[in-house]
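[1] Model the structure of this input:
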Amino acid sequence: MTFLPAGATLTTGFFLIVAGSALFTRSLEATVERFFENRNRGLRILGNISLSLPELILPLIAFLTPGAGRSLIEAGTGALFGPPLFLSLFLVPLAFFLGRAQARSLFREIPFLAAGLAAALLLFGRSLPLRALLALALGALYLWGLLSSPDHEDSTGAGDSPARWSMKDGLSVGGGALLMGLGSHLFLSGIAGLQEASGLSSFWTALLLGPIATEAPELLTLTHFLRKRSLTQSFVLLWGSIHLQVTLSIAAGLLISTWTGSSDALHAGLALLGALTLLFGLALRKGGMTGKSTP
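    As a prediction, the model looks like this:
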């Protein structure tokens, strides 16, 4: 594949991922009303998963494609580390303005995430049983973070009527997932084509370009929250996504990829550890270790 066709394939995949993300998330509230009795918990679960689905799909397709070569595996690994690094660029400045409750959340959760990530980096090239044990621990860590987060008041006003779920919402969710899957396949094919045509690193191409496509839902929602000057919701959005990516996404890499690693992957992982350490320091600065938490 030459440079121009590879670039066109990558661009097409990019727009399909963004379109699928928008289509998937548009029916979120109605789906929560239909299938969850506890609306707050339903919003947390479906909101977190739906916003983070693109960055889960991209590495999964890279790792599970039959006969995937080294270029595709490296692209999938880059797609694991890119999104949390990208979102940390927004969360670190926001952390200077967080309240004490959010600082305490960071203080409580970051040590476990950092330990899990460091262990994942140490397990590059190790046997599958060891990686599987860590993947299970990361999955449990994700559930702990999700279930231990406090319930927030229902955002629906007293006079608001619940959203009605219809077959259109189901088709929207299914169609969005299909578009994201197809877009991810084309995006990865474009990355492999660029590597073949120009020698560009598939790892760094996926790490740098992947988040621009997969984090589109987060950025759109973050813009909405910041316009409302809602720092709490902005924090929940960014930290919830990073938490999922450092647990479930890394767990998927441990389980279904060769996880042989490379110097590039190690450097990206160390950069992510550095971002988590910086956030931990900011949490300490905000008094996340002592005292009662306040909003």
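
[2] contacts and neighbour counts: CA atoms only from here.
    Noted.

[3] which parts of stretch 104-111 are buried?
    Under the neighbour-count criterion of 16 or more other CA atoms under 10 Å, stretch 104-111 has 104-110 buried.

[4] repeat for stretch 82-100
    Under the neighbour-count rule (16+ other CA under 10 Å), stretch 82-100 has 82-88, 91-92, 95, 98-100 buried.

[5] before we move on, back to that, want to throw the buried residues of stretch 104-111 into TSV with secondary structure?
    Compiled in TSV, the buried residues of stretch 104-111 are given as follows (DSSP: H, G, I helix; E, B strand; the rest coil):
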residue	secondary structure
Arg104	helix
Ser105	helix
Leu106	helix
Phe107	helix
Arg108	helix
Glu109	helix
Ile110	helix
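
[6] and which of those residues is nearest Tyr142?
    Of all the buried residues of stretch 104-111, the one with the least separation from Tyr142 (CA to CA) is Glu109, at 9.9 Å.

[7] who touches that closest one in this structure?
    If a contact means CA atoms under 8 Å, 6 or more residues apart in numbering, then Glu109 has Gly145 as its contacts.

[8] hmm, try it at 10 Å
    By CA atoms under 10 Å, 6 or more residues apart in numbering, Glu109 lies in contact with 141-142, 144-145, 243, 280.

[9] what do you get for Phe81?
    55, 203-204, 206-208, 210-211, 245-246, 249-250, 265-266, 268-269, 271-272.

[10] Now render the buried residues of stretch 104-111 as CSV, adding pLDDT.
    Shown next, in CSV, are the buried residues of stretch 104-111 (pLDDT from 0 to 100):
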residue, pLDDT
Arg104, 88
Ser105, 87
Leu106, 91
Phe107, 92
Arg108, 92
Glu109, 94
Ile110, 96
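
[11] Now flag whichever of the residues you listed is closest to Ser166.
    Distance from Ser166 was checked for each of these by CA to CA. The minimum falls on Ser105, at 36.6 Å.

[12] isn't the closest one right next to His243, touching?
    No - when contacts are counted by CA atoms under 10 Å, Ser105 is not listed as touching His243 (11.3 Å).

[13] Now the common contact residues for those two.
    Overlap between the contact sets of Ser105 and His243, as judged by CA under 10 Å, 6+ apart, is given by Gly145.

[14] tell me the phi and psi of Thr260?
    phi -80, psi -20 (degrees, to the nearest 10).
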